[in-house]
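# need a 3D model of the following:
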Amino acid sequence: MKLETHVAHFTSPLYLESGRILEPYKIAYETYGDLNSDASNVILICHALTGSAHAAGKYEGDTKVGWWDALIGDGKAIDTRKYFVISTNVLGSCFGSTSPMDYDYPKEQAFRLKFPVLTIKDMIKAQKQLLSQLGIHHLHAIVGGSMGGMQALQFAVDYPNFADKIISLAATYATQPWTMAFNKVAIEAIRRDPRFKNGNYKKDAFKEEGLDGLALGRIAGHISYLSPDSMNKKFGRNYVSNDGLFELFGRYEVERYMEYNTNNFSKIFDPLSYLYIVKAINTFSLSRGYDSLHEAISRIKADLTLISFKSDYLFFPKEMEHIDNMLQRNKQNSAYYEIDSNYGHDSFLVEIEKFDTIIKNKLEKK
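Okay, here's the model as predicted:
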């Protein structure tokens, strides 16, 4: 598979939903495969909260593959022998696109908490600018899961003629209080950590030891991504073999797993980026800017595929089903699938073999 990494720079202003302007800005992105002669084979991939542009393949000398590598590549469901796949890093992320730790031009200092609040609408607006700069004005498909699924749905509503097919996984029409409550744990854990310094920490300050507040908040997030069944299957009641059962801080395997994964995460993800992206997720609502959700949904012209997961306790299947019911009543092109998976919200990253054929068939359908 042909993999290329890029960073696109923009000097024209990006007018944000908040009324603020971001200028200049940059977007990191990767491409897989080749663009055909009439640019009719383009698929845009949208990532989740902590994702990046690195969706597939692996870099030279690296052993870790992209986060959706099982889905994207030569001969896979999103076949890079047929399609030209573009995966972008959202604005606000710490993986190459303009973020709170970038300089607030022309000042020689980082935005930090002066960075503008971003929304899902802003993220896709920037992606559309990128595609326009690349000479791509229409897409074969847009595919994304979780926050990436929100982006796909927002594209379908805001730019109804832009893509032939929209495939949204593990998403919702509007973030609900249950999900906001999980996010609040992370927000407060970060803000109350003394080393956060109200956003005035040094760049790469947590590269060696991580930020405890982000690690703690990530534990809450991680729980919401899993399910009771998946945790029972993975850990059971197994105790760490070299910890004493009657030691106060002796750990079960599930506790050790949470410690290890969240501590590592807090070393590589910027806490300000986390706060800004979580804010974008919390404020997501397809109906904002329209008279109602019905009006927003009625704008969709693409062939829409909605995929939810039975054990998803972050964005419940009924939320995706509600979108499909509205589309069906309007006689719009829509298909809804509820996948029987025990891996919770993370199912869209883990049990790809349960839905990759659906995606493959939808992309190939004339």
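
# ranges for the strands of the chain?
Using DSSP state E, the strands of the chain run over 3-10, 14-15, 21-22, 25-32, 42-46, 72-73, 78-79, 84-88, 139-145, 163-169, 303-309, 334-339.

# adding mean neighbour count and distance to Ile190, write these out as TSV.
(C-beta placed from N, C-alpha, C; glycine too.) TSV is the format used below for these (neighbours: other CB atoms under 10 Å; distance: least, CB to CB, whole Å):
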stretch	mean neighbour count	distance to Ile190
strand 3-10	14	27
strand 14-15	16	26
strand 21-22	16	23
strand 25-32	22	23
strand 42-46	27	24
strand 72-73	24	32
strand 78-79	22	34
strand 84-88	26	25
strand 139-145	27	24
strand 163-169	25	27
strand 303-309	25	28
strand 334-339	18	32
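
# how about the ones you listed in TSV, adding mean pLDDT and distance to Thr63?
What follows is those, written out as TSV (pLDDT from 0 to 100; distance: least, CB to CB, whole Å):
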stretch	mean pLDDT	distance to Thr63
strand 3-10	97	15
strand 14-15	98	36
strand 21-22	97	35
strand 25-32	98	18
strand 42-46	98	22
strand 72-73	98	16
strand 78-79	98	22
strand 84-88	98	20
strand 139-145	98	24
strand 163-169	98	26
strand 303-309	98	28
strand 334-339	98	29
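
# so which of the ones you listed gets nearest Gly217?
Shortest distance between Gly217 and the strands of the chain, using CB to CB, is found for strand 139-145: 21.1 Å.

# for the closest one, the distance to its chain's centre please.
Chain-centre distance of strand 139-145: 13 Å, with CA atoms, centre = their mean, to the nearest Å.

# next: stretch 132-144.
On the basis of CA atoms, centre = their mean, stretch 132-144 sits 18 Å off its chain's mean C-alpha point.

# hang on, the earlier thing: reformat the strands of the chain as JSON lines; add distance to Tyr252.
Formatted as JSON lines, those follow (distance: least, CB to CB, whole Å):
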{"stretch": "strand 3-10", "distance to Tyr252": "40"}
{"stretch": "strand 14-15", "distance to Tyr252": "47"}
{"stretch": "strand 21-22", "distance to Tyr252": "45"}
{"stretch": "strand 25-32", "distance to Tyr252": "38"}
{"stretch": "strand 42-46", "distance to Tyr252": "36"}
{"stretch": "strand 72-73", "distance to Tyr252": "36"}
{"stretch": "strand 78-79", "distance to Tyr252": "38"}
{"stretch": "strand 84-88", "distance to Tyr252": "37"}
{"stretch": "strand 139-145", "distance to Tyr252": "29"}
{"stretch": "strand 163-169", "distance to Tyr252": "31"}
{"stretch": "strand 303-309", "distance to Tyr252": "26"}
{"stretch": "strand 334-339", "distance to Tyr252": "29"}
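
# residue contacts, the residue lying closest to Leu293 once chain neighbours are set aside?
Spatially, and ignoring its direct neighbours in sequence, Leu293 is nearest to Ser287 (4.1 Å; CB to CB, 6 or more residues apart in numbering). Applying CB atoms under 8 Å, 6 or more residues apart in numbering to Ser287 gives the contacts Tyr173, Ala174, Leu293, Glu295, Ala296.

# what about 10 Å?
For Ser287, the contact set (CB atoms under 10 Å, 6 or more residues apart in numbering) comprises Val157, Tyr173, Ala174, Leu293, His294, Glu295, Ala296, Ile297.
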